[in-house]
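**Q** Sequence plus the predicted model coming up.
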Amino acid sequence: AKTYLEDRGKNTDITKHPWQWLTKHSRHGQAKKTRVYLSHAHDWICWDHTGNGVMRKTPMVLVSHMIRVDTGQTTTNFQKNANKDEDSRSFSIITHKRSLDLVAETESMARLWVRTLRLLRRGGGAAHAANSFMNYTDEQWFRADTDRSGTLEIDEVIKLMRKMNITVKTSQRLCVLLCDVRC
């Protein structure tokens, strides 16, 4: 029995193509044609990054880090240069740290990307359960990091522990916060 992704025709399956030309909208509102593709294991979304004509390290988004895939031009990146003609071909891959805002050449290609990414995001079995837990903890960490520094201050850790219903004695809490294993 073939999976949904394996059963799709060769011309309409993004998992079989090495890459697709999509228009990527940057944080600065610039739109640029970019080669976007899935890794061979379908666990990374990758795109070519050039700056001043020089090829740089390939940027990637881990599929397990996706919170959701939105259709239309709803993110702030899209709002900077909103184009109603592109709205039906637009979609955004949302993670805790960023959004990857893309426009496909056709509506059907955009729908295919969205459907495929949502299927990959869902996963299945034990991997899905572990993925869900990791996404939950990542989301809680991100929400607790109020200053968006990428690290948590002591007061942020205490609030996070309370929110997640983690109860520890004051002496244990101090040891955990100070990372002193001798306590």
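**A** Alright, I've got the coordinates.
**Q** going forward, measure contacts between C-alpha atoms and count neighbours the same way
**A** Will do.
**Q** Lys80 and Arg68: what is the separation?
**A** According to CA to CA, to the nearest Å, Lys80 stands 21 Å off from Arg68.
**Q** Looking at the two, which is more packed in?
**A** In this view Lys80 and Arg68 are compared by other CA atoms under 10 Å, and Arg68 has more residues nearby, 17 against 14.
**Q** Spatially, what comes nearest to the more buried one if we skip its sequence neighbours?
**A** Closest residue in space to Arg68, ignoring its immediate chain neighbours: Ile94 at 5.4 Å, by CA to CA, 6 or more residues apart in numbering.
**Q** partners of the lengthiest strand in the chain, with directions?
**A** The longest strand of the chain (DSSP state E) is strand 31-38. Strand 31-38 has its sheet partners listed here by DSSP bridges as strand 20-25 (antiparallel), strand 44-47 (antiparallel).
**Q** among these, which is nearest Arg118?
**A** For the strands paired with strand 31-38, proximity to Arg118 was assessed by CA to CA; strand 44-47 is nearest, at 12.5 Å.
**Q** Show me what that closest one is in contact with.
**A** 34-39, 58-63 (CA atoms under 8 Å, 6 or more residues apart in numbering).
**Q** How about stretch 94-110?
**A** With contact meaning CA under 8 Å, 6+ apart, stretch 94-110 is reached by 12, 21-26, 65-70, 75, 77-78, 86, 88-93, 138-139, 142.
**Q** Just the residues you listed: which are in strands?
**A** In strands, judged by DSSP E, the following of the contacts of stretch 94-110 are found: 21-25, 68-70, 90-93.
**Q** how about those in TSV, adding distance to His49 and pLDDT?
**A** Output for the ones in strands among the contacts of stretch 94-110, formatted as TSV (distance: CA to CA, whole Å; pLDDT from 0 to 100):
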residue	distance to His49	pLDDT
Trp21	13	87
Leu22	13	91
Thr23	12	89
Lys24	10	90
His25	12	86
Arg68	23	91
Val69	21	93
Asp70	23	93
Ser90	20	95
Phe91	19	95
Ser92	18	93
Ile93	17	94
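**Q** among these, which two are most distant?
**A** Among the ones in strands among the contacts of stretch 94-110, the pair separated by the greatest distance (CA to CA) is Trp21 and Arg68, at 21.6 Å.
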